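A.B. asks: sequence and predicted structure are below.
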Amino acid sequence: MFLRGKDVAEHVAPINEKSVQPAGIDLSLDEVRVFDSSGTLDLDQRDIPGGKSLETDQQGFFDLGVGAYRIRFREIVEIPSWAVGFCYPRSSLLRMGALIHCAVWDPGYKGRGEALLVVLNRHGIKVRRGARIAQIVFARLEALPQMVYKGKYLYEGL
């Protein structure tokens, strides 16, 4: 069962009225990074590439060409132990020719999450810092998990 947006809002901050949707909460763009190296995913370790943080223009827009970008959301999200979060791009972003890819947000996660923004539009896109670009929805678990998230990304961006 998925929660109503107003119930998800209790676990997201800061929140504004425009962000509350019928079935979730809109997340806004805070930071955009370009990858500066390759990554490695081994059996027991990972090497996540860093990235150069992009600056906005004088009006606060990121001017993004075709490519992949590591983004951070502005809001702090706390996934309760009885839920799991799923994040999707807003339809306006899709209609501009860009995608957001997110991983599952496990029970117990708290932080300012990151995602992958992929610009496919050959003309690029412009996105203002603070613009609503994704929506997170919570699904209630049928039973409490045996453990909550305690991984590397707990409290990221805080």
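C.D. replies: Looks like it arrived, so ask away.

A.B. asks: helices or strands next to the helix or strand hosting Leu27 in the packing?
C.D. replies: Per DSSP states H and E: Leu27 is located in strand 24-35. The contact analysis (3 or more CB pairs under 8 Å, 6 or more residues apart in numbering; DSSP states H and E) places strand 24-35 against helix 5-8, strand 51-53, strand 61-64, strand 67-73, strand 125-128, strand 132-140. All C-beta atoms are positioned from the backbone trio N, CA, C, and that covers glycine.

A.B. asks: now do the buried residues in the fourth one.
C.D. replies: What that stands for is strand 67-73. Tyr69, Arg70, Ile71, Arg72, Phe73 (16 or more other CB atoms under 10 Å).

A.B. asks: sorry, back to before: mind listing what's buried along the strand holding Leu27?
C.D. replies: Gly24, Ile25, Asp26, Leu27, Ser28, Leu29, Glu31, Val32, Arg33, Val34, Phe35.

A.B. asks: now do the same contact list for the fifth one.
C.D. replies: I take that to be Ser28. By CB atoms under 8 Å, 6 or more residues apart in numbering, the residues touching Ser28 are Ser19, Phe73, Arg74, Glu75, Gly130, Ala131, Arg132, Ile133.

A.B. asks: report the two of those residues separated the most.
C.D. replies: Glu75 and Ala131 (12.7 Å; CB to CB).

A.B. asks: who has more neighbours out of the two?
C.D. replies: Glu75 (22 against 17; other CB atoms under 10 Å).

A.B. asks: show the contacting residues for that one.
C.D. replies: Here Glu75 is in contact with Val12, Ala13, Pro14, Ile15, Ser19, Ile25, Leu27, Ser28, Arg112 (CB under 8 Å, 6+ apart).

A.B. asks: can you check the pLDDT for it?
C.D. replies: Looking at Glu75, its pLDDT is 97.

A.B. asks: what does the one 4 residues further on give?
C.D. replies: In the predicted model, Ile79 carries a pLDDT score of 97.

A.B. asks: disregarding flanking residues, what is the spatial nearest neighbour of it?
C.D. replies: Excluding the flanking residues, the one nearest Ile79 by CB to CB, 6 or more residues apart in numbering is Tyr109, at 4.6 Å.

A.B. asks: Leu93 falls within a strand, correct?
C.D. replies: No. Secondary structure of Leu93 (DSSP: H, G, I helix; E, B strand; the rest coil): helix, not part of a strand.
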